[in-house]
Every structure is written in C-alpha cells, then in structure tokens.
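Asks: Got a predicted structure plus its sequence, pasted below:
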Amino acid sequence: MGQQWGKNGTKAGQKKWQKRGQTEITFNWLYILIAGGLILLFFVGIVVKQQARSETQLSFDVVRILESIIKGASISEKTKNSIDISGLKDYTLYFSCEEGVSKYGLEGTSAQVEDVVQPVFSPTRIKAPRLNLWSIPYKLPYKTIDFLFVTSSTTKYFFVGQDENFVNEFFSQTEKELSGKKEVLFEIKRDFVTSVDVIDPEKYFHIRIVDVGGNTIKAGDSVPQKLRSLEDGQVTAVSFTAGNTADFFQKAGDTWMKRNKQPIYLISLGGERDAAKYAAIFAENEELYTCNMKKAFRRLQYVSEVYLEKLQEMEAYYDTPLRQVNYPDCIGNIKLFPTNLVERLELFQNKIAACAATYPEATASCTELRPLALTIQELNQELARNCATLY
C-alpha cells in the first residue's frame, strides 16, 4: 500500500491539505447555491423584466445570469443540467472564441461575457427553450480542467459510420435523465443512422452530423436533400479521421465545405469519456474547438508547474541515505532511473508551452504530449506500489 504523504512529509502537512480541500468543497457548494438562486431569479423574473425594463438593460441582466449559469455548471465535475430558458424564446444566444478569449451573449446586443479560462464547446448560435450543459474532466494525464459542453433542445446530433463502440459509449453517457416528477433533468437529442440521406431535420434549429468512421462526409459532396432548405450555418458536421484527428464541415449551398485546411489533432489519452473527442462533437467549428483547447493547454502549463514543485518536495523527502535504502524505487522513479519523473515532467512542460503557442498550425510538440503523458502516468503507477504518488 502506498504511503500517506502530506506536504513536507508530515502529518501536519497532510492535515493542512485536508483542511484546504474541505474549504474548497465548501466554497464550491456555496457557489452552486448562489448560482442556483440566480437561475431561479431568471426563471421567475424574466417576463416581468421584459415588461419593466429597456431592452438594453434586459440584455445585460440576461447575460449576467447566463454567465452565472455557465460558471455554476463548470465548477463541479461530471455535472449535467437542463436549464429552462423559455423566457428567451425570441432571442438568439451566440458563442465565439478568438485568440484564447471566449465570448457569449445575446445576438444583436452589446451585452456579452468574455472568459479566458473556462473551455466552452458549443454551437455558435442557440435559439431554444432549454439549454443543456455537461461538464467532464480533461486529463493529460492528471486532471487539468473541466470541459463544459453547451447544447440545446433544438440541436440534434446524427451519428453515422462504423465505430459502433464509440457511438454506444457516447449514447450511454447521454441518456435522458428524469426527476421523480418526470421532469427532464438532462437530454441530448441524438440518433444513429445508417445513411445521412435518411436524416429528417424536422423543426430543429441546428443539425449536427458526427461521422465517426471518417468516410461519409467529404468536401464537395452533396448535402442530403432534406437538409438543403436550411441555412448554411444550421447544418454542420465533424468527421473523425485516421491518426486521432478531426475535420470540421459546414453546409455551403448544396455541398459540404471543409472549414479547416489541415486535420485538427485531438490531444488526449483516448479511452472512454475522451473529453477532447467529445469536445469536437459539441464545438460547431474548428475555431471554437482549437481556441478552447488552447485554453486547456495554458491551464495544463499551470497545473504542471504545481506538480513540478510537488515533485521537488518528494525528491527532497526520499533523497536521504535511510530512505534510499528503504525505498530505492521511490527516488529511482523520481530522478535516478533512466526514465524518471523529473526528466519526463520537465520535458512535458516544455512541450506544453510549445503546443499552446503553435496549435493547431504546427503539431509536432502537441502530438508528443500523449506519449509523454502516458509515461508520466506509468511512472506514477509505479510510485503507487510503495511511495507517495505525484497525483
């Protein structure tokens, strides 16, 4: 069994970290309660506000509450929420991301929120009675940040292709959830079709096609007949291609237009609940996807700096004559073995910085993150045998 290890290797340090963790949990719950109160205010007061205030003031109020909703949904891991926004039925929400800054607000107004931290993956425009929000952690290899996926009751996802395992996994993660009173707590509209030609847009505001095999959606090919009457921005697609990459498409008249000039690499460890791959499903285009991924890479830099500091403390703790004899594999995996955490984590940090600066144009540093992360994960598992772990 691994050792219990607090800061500086003391029980006092361990209690300090436990107290800090309890404080953070308490803060998170207080934040959720505050956000919940604002959301309730939103439900009850939106119609009254429409009648009593100017359109300009209303737009700022709505955007402020929308910011609270999004922050409230993103601070807790693995949360799913369905938010009633029927009071905004005459408005269109917009989402964008440029140069590492997300912006969202009400279309046609100056009210907007700017966010340089939280990765938000969504359509560019939402007009619906309900918002659906889902957060899952992005790990490379340790948790970096929670990704927030935003969609709506008027967006439908059609999956096509040969990767049924991935489709089944995604569908199991997005099952409709109801309360005891049969109220919808969470629902993502999705379907698995044998051909894009059978897709019926019905009355959906946005149709998203997910080509899991990478062989269905091609630039210049014809858009399905039933989708041609929709506006170009209402019909989009993502195609997962070989080498863990993705291409983003949009309807352009009667044909498909590929938006990205080169494949977009999905930087992740793979496996189930692949946050980077899920994000490509919800992000309407390559700009939203890559801009928010760069936020994640910057956050990964900060998190890795913290782990480098922790690794230095672990090194000091185990690098004594007695502990070198009693726990030789600990200091070995930390810094003495040919493949060790100090060397791998320092290299990892350098590659993260290069990736954050060049993604998605130059991908060499980004594609090296995955094997480095896997090695760090393996070394951490070795430490777990009889040592304190890095994470």
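Replies: Good, I have the coordinates.
Asks: hey, where'd the helices end up in the chain?
Replies: Under the criterion DSSP state H, the chain carries helices at the ranges 11-52, 55-74, 164-173, 275-282, 286-318, 321-326, 328-331, 341-358, 364-367, 369-383.
Asks: So which elements touch the last one?
Replies: Applying 3 or more CB pairs under 8 Å, 6 or more residues apart in numbering; DSSP states H and E, we find helix 369-383 packed against helix 341-358. C-betas here are computed from N, CA, C, even on glycine.
Asks: One more pass at 10 Å, please.
Replies: For helix 369-383, the packing partners by 3 or more CB pairs under 10 Å, 6 or more residues apart in numbering; DSSP states H and E come out as helix 286-318, helix 328-331, helix 341-358.
Asks: Ala283: what's it in contact with?
Replies: Ala283 makes contact with 95, 97, 119-124, 147, 149-150, 236, 238, 246, 248, 264, 289-293 under the criterion CB atoms under 10 Å, 6 or more residues apart in numbering.
Asks: should've said Lys89
Replies: 127-129.
Asks: Kindly report the same for Pro141.
Replies: Pro141 neighbours (CB under 10 Å, 6+ apart): 269, 348, 369-370, 372-381, 390-391.
Asks: just the residues you listed now: which is nearest Val303?
Replies: Closest approach to Val303 among these (CB to CB): Tyr391, at 9.2 Å.
Asks: Now for the closest one, how many residues are close by?
Replies: Tyr391 has 14 neighbouring residues, counting by other CB atoms under 10 Å.
Asks: Ok, Ala219 next?
Replies: Residues within reach of Ala219, counting by other CB under 10 Å, total 13.
Asks: Would you mind naming the residues that bridge with the closest residue to it other than its chain neighbours?
Replies: Closest residue to Ala219 apart from its sequence neighbours, by CB to CB, 6 or more residues apart in numbering: Lys258 at 3.9 Å. Going by DSSP bridges, Lys258 is paired in beta bridges with Phe249.
Asks: so Lys258 makes contact with Ile217?
Replies: Yes. Counting by CB atoms under 10 Å, Lys258 does reach Ile217; the two are 8.7 Å apart.
Asks: out of those two, which sits in the more crowded spot?
Replies: Using other CB under 10 Å, the more surrounded residue of Lys258 and Ile217 is Ile217, with 23 against 17.
Asks: check contacts around the more buried one.
Replies: 160-161, 196, 209-211, 223, 236-239, 247-249, 256, 258.
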